[in-house]
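Chemist: Predicted model, plus sequence, below.
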Amino acid sequence: MLVTTKELFKLAYGKYAIGAFNINNAEQAIGLFRGAQKAQAPIIVQISRGSRKYIGVSMIQHMIQAAAEMYPDVIFAVHIDHGDEETCYDAIDSGFYSSVMIDASHEPFDENVAITKRVVEKAHAKGLVVEAELGKLGGVEEDISVAEKDALLTDPEEARLFVEKTGCDSLAVAIGTSHGAYKFSGTQGLHFDRLAEIQEVLPGFPLVMHGSSSVPEEEIKRINAAGGAMDPSARGVDEDEFARAVPLGVTKVNIDTDGRLVWTRVHREFFRDEPAQFDFRKPGTIFMNEYADFIVHKIKKLGSYGVLPDVAAALK
Ligand code: G3H
Ligand code: 13P
Ligand code: ZN
């Protein structure tokens, strides 16, 4: 059942977070829905501009539709990840998505407000909801000055003003995470103090954590043992920190990189161990199962494992 992220956030706030997973191919679509079904949890299916370009707008949408038909009990939102204005309007007009993210965080504050407000007006008119972003996503080194840190992390008062001016439905905040496999160097992590300050000025308002892959050391080791050359010092977000972020208003946690690592590990190990093989359906089958297990694992860490019956009852 397709729902909006807003409906999911209302039920989740303060209790658990909903996993938002980026997908790019059919194996991921099947693995994601299979995992959600197994975990009995709602999910957010995320489509980036890169994904739409890679596999085609129509193809990615039909794959999601097909996966939803294969796993009819799953409750999900379909969401544009890091959209620009053009992509958001295209998604809003298509009738396929239930929510969009407008990412104008690279613009000065007033311009970010103006762009986000335009998208919110168009989305709300058609029953879609909007995630926006404020702050600069990026690892915050331990030894940088307070002023430098402030320039990167989302400013609480600006966040309050931004939500008031734009009418957005959720906000991606910069609290020390960054995208990709190489996030943290040295010892640093999530800035819970900043998250708490943001929640204080936006009580009950859904916050979103991007760049939330954990980049498991074991996964990197296995990829490298099977011929990969990833930086072995790669570190991500400690999965156990999700439980600390949830009471502070985080209702959506974005994960892409860790899923790519599962794909890379499965395929590298398969072809290392079976060098004469060329039937890609064999590693594809392993991947779909492993990706489903990976989704179940993340959902457990996010605290949303087993909530599906309650969500279904509340949305009836
Ligand atoms: O935040 C970015 C997501 O991981 C999507 O990545 O633009 O390469 O599809 P992508
Ligand atoms: P990761 O690169 O940490 O998986 O972050 C994904 C993300 O934020 C997608 O918007
Ligand atoms: Zn992101």
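Modeler: Looks like it came in fine. Quick caveat: nothing in here was measured; it's all calculated off a predicted structure. Ligands and ions are numbered 1, 2, ... in the order given.

Chemist: Can you report how many residues lie near R260?
Modeler: Look at R260: counted by other CB atoms under 10 Å, it has 16 neighbours. Where C-beta positions appear, they are placed from N, C-alpha and C, glycine not excepted.

Chemist: so it sits in a helix?
Modeler: Yes. Under DSSP: H, G, I helix; E, B strand; the rest coil, R260 falls within a helix.

Chemist: isn't R160 right up against V201?
Modeler: Yes. In this structure, R160 is within contact of V201 by CB atoms under 8 Å, at 4.2 Å.

Chemist: Now H179: closest residue in space, sequence neighbours ignored.
Modeler: In space, and not counting its chain neighbours, H179 is closest to G211: 4.8 Å by CB to CB, 6 or more residues apart in numbering.

Chemist: Next, the contact list for the one you found, please.
Modeler: 137, 177-180, 183, 237, 254 (CB atoms under 8 Å, 6 or more residues apart in numbering).

Chemist: what bridges to the residue nearest to the spatial centre of the chain?
Modeler: In the chain, the residue lying closest to the centroid (CA atoms, centre = their mean) is N254, at 1.9 Å. N254 forms beta bridges with A20, as assigned by DSSP bridges.

Chemist: What separation do you get for it and ligand 2?
Modeler: 3 Å (CB to the nearest ligand atom, to the nearest Å).

Chemist: from what I can see that residue touches I43, true?
Modeler: No. With contact defined as CB under 8 Å, N254 does not count as touching I43 (11.9 Å).

Chemist: shared neighbours, the two?
Modeler: Shared contacts of N254 and I43 (CB under 8 Å, 6+ apart): A20.

Chemist: so how far is R265 from the residue of the stretch 101-250 of the chain found nearest ligand 1?
Modeler: Ligand 1 sits closest to H179 of the stretch 101-250 of the chain, with a gap of 4.7 Å, by CB to the nearest ligand atom. H179 sits 20 Å away from R265, going by CB to CB, to the nearest Å.

Chemist: Please say which of those two ends up with more neighbours.
Modeler: Neighbours per residue, other CB under 10 Å: of H179 and R265, the larger number sits with R265, 23 against 16.

Chemist: residues in contact with the helix or strand harbouring the more buried one?
Modeler: If you go by DSSP states H and E, R265 is part of helix 257-273. For helix 257-273, contacts defined as CB under 8 Å, 6+ apart pick out 21-23, 27-28, 179-181, 213-216, 219-220, 222-223, 226-228, 236, 277, 282-283, 286-287, 290-291, 294, 298.

Chemist: buried subset of the residues you listed?
Modeler: Among the contacts of helix 257-273, the ones that count as buried by 16 or more other CB atoms under 10 Å are 21-23, 27-28, 179, 181, 213-216, 219-220, 222-223, 226, 228, 236, 283, 287, 290-291, 294, 298.

Chemist: can you pull out the strands in the stretch 1-150 of the chain?
Modeler: Assigned by DSSP state E, counting those that start in this stretch, the stretch 1-150 of the chain shows strands spanning 18-22, 43-48, 76-83, 99-102, 129-134.

Chemist: Tell me which of those lies nearest to ligand 3.
Modeler: strand 76-83 (5.6 Å; CB to the ion).

Chemist: wait, does the closest one contact ligand 3?
Modeler: No. Against ligand 3, strand 76-83 shows no contacts by CB under 5 Å from the ion, the least distance being 5.6 Å.

Chemist: Mind giving me the packing neighbours of that strand?
Modeler: Secondary-structure packing of strand 76-83 (3 or more CB pairs under 8 Å, 6 or more residues apart in numbering; DSSP states H and E): helix 5-12, strand 18-22, strand 43-48, helix 85-94, strand 99-102.

Chemist: For ligand 2, tell me whether whatever helix or strand comes next after the helix holding R265 is touching it.
Modeler: Next along the chain after helix 257-273, taking DSSP H and E as the criterion, comes helix 281-302. No. If you take CB under 6 Å from any ligand atom as the test, helix 281-302 misses ligand 2, and the best it gets is 10.5 Å.
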